[in-house]
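1. sequence-free structure coming up:
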DNA sequence: TCTGGGGTCCTAGGACCC
DNA sequence: TCTGGGGTCCTAGGACCC
């Protein structure tokens, strides 16, 4: 339920913000513990990881995987105070489905291992909606063809499925319902994008007001960008109109940038473009920074020095941005904010 | 009664290059 | 009646996940 509706129904409710920093710190703690058990650990989200256990049989003296899994569970509980569930199988699809069967609230003991060779039988106990990446849209199409459970799909041969769904999707689904998945466990790494967006309590139609919101969003995104030691080449502005139509505009710069001034200058142009194309009240506004790379060092020789009013950053821009970040870190995110934004982009 | 926030990945089409 | 072909980069939109 959206908070705005919850507060309408229950005006005295107290809203407690998500302690994002604390969640992220706990996530790192869990990962560190898991890394002792497997050579490759892939973070799938803030609270899910894949471990590739192949090749570790000798290390664990050929003990059954469920024994190792219970030791992982105990280690995480002991070191972080949090309870995890562990699913095991011969590929990521099986492991992901297995962990749902491992959860103690279903009466299990926190571990569920699917033995090699039993994957197809295991799959037959699921609905298609349980398969990762079978979302609401795909479910609807499949249901229209009379397929809701995995067993519904197994009645048909691949050529029939191809004629209904097209080659690519039919073959993808065919593999999944047979428990086949060849995606590898990879440790991954840096974020691919950083975004901030906000749904307004009331739709906003005023351009100046939208630009103020844009500035607030960009200030947060840019500060996190620099906090991670990254720079961005692509800036995206997203707007959701009152009728829920979502539009976006983006621009990729030749050089990666980090400063509020340049990021905001591009973002404002993109917002103006979106507003010029369709000017109706907006319910959401967002910014995203992508094409990320390591921030080229501030002390690096810069071939071009550009002034305000261009898309290039000056040394002054970068020093200023980082000084502001330090003040915010010490005194809080609201301790120093842009007073206003002039039309030429200076603050 | 409308539908959160932060992400990833995929696709289609266009520009441009050799 | 014909308008090559393949690769890369970019934009816009959409599906999906937690």
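-> Received the coordinates, thanks. All figures in this text were calculated on a predicted structure; none of them were measured in a lab.

2. quick one, phi psi at the residue nearest the centre of chain A?
-> In chain A, the centroid-proximal residue (Cα atoms, centre = their mean) is residue A:45; its distance is 7.1 Å. Dihedral pair for residue A:45: phi -170, psi -170, per degrees, to the nearest 10.

3. ok, what's across the strand from it?
-> residue A:48 (DSSP bridges).

4. Residue A:235 now?
-> residue A:251, residue A:289.

5. hang on, the earlier thing: for the residue nearest to the centre of chain A, give its distance to residue A:31.
-> According to Cβ to Cβ, to the nearest Å, residue A:45 and residue A:31 sit 12 Å apart. To be clear about C-beta, it is placed using only N, CA and C from the backbone, and glycine gets the same treatment.

6. show me where the stretch 101-250 of chain A has helices.
-> Applying DSSP state H, counting those that start in this stretch to the stretch 101-250 of chain A gives helices spanning A:119-123, A:136-144, A:150-154, A:158-165, A:167-177, A:207-227.

7. can I get those in TSV with mean pLDDT?
-> Formatted as TSV, those follow (pLDDT from 0 to 100):
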stretch	mean pLDDT
helix A:119-123	95
helix A:136-144	90
helix A:150-154	95
helix A:158-165	90
helix A:167-177	91
helix A:207-227	93
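
8. Now mean neighbour count and distance to DNA strand B too, for these, in a markdown table please.
-> Shown next, in a markdown table, are these (neighbours: other Cβ atoms under 10 Å; distance: least, Cβ to the nearest atom of the strand, whole Å):
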| stretch | mean neighbour count | distance to DNA strand B |
| --- | --- | --- |
| helix A:119-123 | 17 | 22 |
| helix A:136-144 | 12 | 10 |
| helix A:150-154 | 18 | 20 |
| helix A:158-165 | 14 | 13 |
| helix A:167-177 | 16 | 6 |
| helix A:207-227 | 18 | 7 |
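
9. Now the closest residue to DNA strand C within chain A, what are its backbone angles?
-> Nearest residue of chain A to DNA strand C: residue A:135, at 2.1 Å (Cβ to the nearest atom of the strand). Phi and psi for residue A:135, reported as degrees, to the nearest 10, are phi -90, psi -170.

10. now the helices of the stretch 101-250 of chain A as TSV including distance to residue A:65?
-> Listed next are the helices of the stretch 101-250 of chain A as TSV, based on distance: least, Cβ to Cβ, whole Å:
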stretch	distance to residue A:65
helix A:119-123	14
helix A:136-144	31
helix A:150-154	24
helix A:158-165	32
helix A:167-177	22
helix A:207-227	38
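
11. quick one: which of those is nearest residue A:250?
-> In terms of Cβ to Cβ, the element of the helices of the stretch 101-250 of chain A nearest to residue A:250 is helix A:207-227, at 13.7 Å.

12. roughly how far out does that closest one sit from the chain middle?
-> 19 Å (Cα atoms, centre = their mean, to the nearest Å).

13. what's the answer for stretch A:152-171, then?
-> 31 Å.

14. do that stretch and DNA strand C meet?
-> No - Stretch A:152-171 is not in contact with DNA strand C by Cβ under 7 Å from any atom of the strand; minimum separation 9.8 Å.

15. Residues touching that stretch, excluding its own?
-> With contact meaning Cβ atoms under 8 Å, 6 or more residues apart in numbering, stretch A:152-171 is reached by A:124, A:128, A:138, A:141, A:142, A:145, A:146, A:147, A:173, A:174, A:177.
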